[in-house]
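Peer 1: coords please:
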Amino acid sequence: MDLTRLGRRLGTRRALQVVLASASALALLLWWLLPTDGPSYPRGPISLATGVQNGVYEKYGVLLKSDLRTALPGVKVDLEHTEGSVENIEQVADGRADFTIAAADAVASYDGPNKKDLRACARLYDDYMQLVVPRDSSVQSARDLRGLRVGVGQAGSGVNLITRRLLTAAGLDIDKDVTAVPVGIDQAPAMLLDGKLDAFFWSGGLPTAAVGAMASPTDRIRLVQLGDLVAKLHSMGPQMQYYRQAMMPADAYPSAQDGQAIATIAVANLLVTTDHADAGLVQRLTKAVIDSRDSIGNVVHAAQLVDLRTAVFTDPLPLHVGAERYYRSVKP
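Peer 2: From the prediction side, this is the model:
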């Protein structure tokens, strides 16, 4: 027997056993560290276009980003401030952002490049149109805004889109009949309180913190009904179908509503991406949106309305295939 050759064989076998044992230990460690409750996904950075500072989109995005650290380990999420829904859709369509939140009417109105590529992950919550005036204002309807200085939202915002349509329904020309000031919720409240605006429009979830801060602790503002414009608005064309008649609950801004519900219009918000987004990534992100409803809702109250039963109704966009997989996986 060649003892030298035998020793070499035993040494090689022992070395192989050590390598295999190490590989098994590494695999076990990776299994332990990496999430196993969902599909695989790319670990590259993603961007989420939100909105103006102090707006509901921006607050929602900040909280969702925090939850995605757990839902999407290894993925860096960058938040991009924008003017709102109109700009958000443009950014996703042209590839500057991977995901965004946008109102359904802005999505339906988009007619730019890559429109056919747009997809939805979920219907989130409804925005309520809010017309805010000083407490002692004589304005009782949007029709009374003629000749006044009105905050109409920034050019790239969903607020501006809806405001233009509401003023048209009220028989007013935004370029001739009012002094239109292109400011959003980050500037309009201070301007109203400083006497630099007579009124401003805002479209957001209820309650919007910046509006609530104006209403409390003293009675400085009042919310104006918009319900008298609903019928005229709906008669203006098929794209108006995304607006529904709604009542702003009496407890949204109690002191600014005199304890009364206020008639207005509402429009759904969608979480939007494109069909180029990775299916596994979208599936995990959609799950995170549904799972984070309560935690985000504790801060952004509108998020409490995110509901698995209604999340799939994303008209005018089809669902992304990754979102479809998630909803099928949780279907009873």
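Peer 1: would you map the helices across this structure?
Peer 2: 3-33, 56-71, 85-93, 104-109, 158-169, 188-193, 209-215, 230-234, 279-291, 293-297, 321-330 (DSSP state H).
Peer 1: want to try CSV for these, with mean neighbour count as columns?
Peer 2: Every residue, glycine included, has its C-beta placed from N, CA and C. As requested, these are arranged in CSV below (neighbours: other C-beta atoms under 10 Å):
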stretch, mean neighbour count
helix 3-33, 10
helix 56-71, 20
helix 85-93, 26
helix 104-109, 24
helix 158-169, 25
helix 188-193, 20
helix 209-215, 19
helix 230-234, 16
helix 279-291, 22
helix 293-297, 16
helix 321-330, 17
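Peer 1: wait, which of the ones you listed is closest to residue 116?
Peer 2: In terms of C-beta to C-beta, the element of those nearest to residue 116 is helix 85-93, at 9.7 Å.
Peer 1: for the closest one, packing partners?
Peer 2: Under the contact definition 3 or more C-beta pairs under 8 Å, 6 or more residues apart in numbering; DSSP states H and E, helix 85-93 sits against strand 46-49, strand 99-103, helix 104-109, strand 118-134, helix 158-169, strand 262-274.
Peer 1: which secondary structure elements does the first one contact?
Peer 2: Using 3+ C-beta pairs under 8 Å, 6+ apart as the contact criterion, the neighbours of strand 46-49 among helices and strands are helix 56-71, strand 77-80, helix 85-93, strand 99-103.
Peer 1: could the helices and strands packed on helix 85-93 be laid out in a markdown table, adding mean pLDDT and distance to residue 231?
Peer 2: Written out in a markdown table, the entries for those read as follows (pLDDT from 0 to 100; distance: least, C-beta to C-beta, whole Å):
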| stretch | mean pLDDT | distance to residue 231 |
| --- | --- | --- |
| strand 46-49 | 98 | 34 |
| strand 99-103 | 97 | 21 |
| helix 104-109 | 96 | 17 |
| strand 118-134 | 97 | 15 |
| helix 158-169 | 97 | 9 |
| strand 262-274 | 97 | 11 |
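Peer 1: quick one: which of those is nearest residue 76?
Peer 2: When these are ranked by distance to residue 76, counting by C-beta to C-beta, first place goes to strand 46-49 at 7.5 Å.
Peer 1: residues making contact with that closest one?
Peer 2: With contact meaning C-beta atoms under 8 Å, 6 or more residues apart in numbering, strand 46-49 is reached by 61, 64-65, 75-80, 82, 87-88, 91-92, 96-101, 281.
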